[in-house]
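Q: please find the sequence and the predicted model below.
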Amino acid sequence: MTADTFFCLEKYDSCCFTGHRVLPKSEEDRNILRDKLRSTIAQLAKEGIYRFYTGGARGFDSMAAMAVLEMKAYFPQIQLYLALPYPQQYEQWPQREIALFEQIAEHADKVEIISPVYTEDCMKRRNYYMVDHSCVCVYYMVHSVRSGTAQTVAYARKKNARLIDLTGDLNAEYLPEEEEEKLSCIEKVYLEENMVVREFFKKK
């Protein structure tokens, strides 16, 4: 089997996630999004998809990664792959988010590094890499223009990937940028999910 043949086969067992760094402000909307992730992962696992790529970023990426880890309790065959644009992407994050990222990375089945150092296009290359290795792209996209998520979804559409939109009618109300470093509801999401995944791993 050639490397190209293996890549082709691997792609049809895989799904990637893409979405915004900032999550909805409403706890109700966050819970809806989280439930959509769980049900989507379950459905794809039943269809034979077992490899799930996330980009290791803040916000939706982390929520998706947590959902994959959680759903392993029901579908032990599924795997979490982290595709990181460069090794130090998380170093300037708030401490809570660094702690969550480290926990996710520790329990991921594989961590893949796209570039050994930061470059202007490493985020885009990471996104395209995930799409190129997937036949399904699950996305949360409120901003359909001028965003990395929109660019990734457009690329997935160009590559004829199956697109699954989790956005629906979620309220597009977010915390302002200057509030993100405070103990905001966005940070509480990470704290809450950190507690959830700790409970999950205690049962393992």
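A: Here it is on my side, so go on. Everything numeric here is computed off the predicted structure, so don't read it as measured data.
Q: contacts and neighbour counts: CA atoms only from here.
A: Will do.
Q: flag every buried residue along whichever strand or helix holds E102.
A: Assigned by DSSP states H and E, E102 falls within helix 95-107. For helix 95-107, the neighbour count (16 or more other CA atoms under 10 Å) marks E97, I98, A99, L100, F101, I104, A105, H107 as buried.
Q: contacts for stretch 159-167?
A: 33, 36-37, 131-132, 134-142, 153, 156-157 (CA atoms under 8 Å, 6 or more residues apart in numbering).
Q: end to end, how far does that stretch reach?
A: End-to-end distance for stretch 159-167: 21 Å, by CA to CA, to the nearest Å.
Q: what residues of the helix or strand following the helix holding E102 count as buried?
A: Per DSSP H and E, helix 95-107 leads on to strand 110-113 as the next helix or strand towards the C-terminus. Neighbour-count burial for strand 110-113, with 16+ other CA under 10 Å as criterion, is recorded at V111.
Q: run through the neighbouring helices and strands of the helix or strand that strand 110-113 is followed by.
A: Where DSSP H and E defines the elements, the next helix or strand beyond strand 110-113 is helix 122-132. Contacts defined by 3 or more CA pairs under 8 Å, 6 or more residues apart in numbering; DSSP states H and E place helix 122-132 against strand 14-19, strand 79-84, helix 148-158.
Q: output the ones you listed as CSV; include the columns distance to Y90 and mean pLDDT.
A: As requested, the helices and strands packed on helix 122-132 are exported to CSV (distance: least, CA to CA, whole Å; pLDDT from 0 to 100):
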stretch, distance to Y90, mean pLDDT
strand 14-19, 17, 96
strand 79-84, 10, 97
helix 148-158, 17, 93
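Q: and among these, the most buried is which?
A: Among those, strand 14-19 has the highest mean neighbour count (mean count of other CA atoms under 10 Å), at a mean of 28.
Q: report the angle between it and strand 79-84.
A: 50 degrees (axes from the mean of the first three to the mean of the last three CA atoms, to 10 degrees).
Q: begin at 8 from now on, thanks
A: Fine by me, first position is 8 from now on; the one you just mentioned is strand 21-26.
Q: any idea which helix or strand comes after strand 21-26?
A: Downstream of strand 21-26, the first helix or strand assigned by DSSP H and E is helix 34-53.
Q: and P123, what does it touch?
A: Y93, P94.
Q: again, only this time at 10 Å
A: Contact partners of P123, counting by CA atoms under 10 Å, 6 or more residues apart in numbering, are L91, P92, Y93, P94, Q95, C129.
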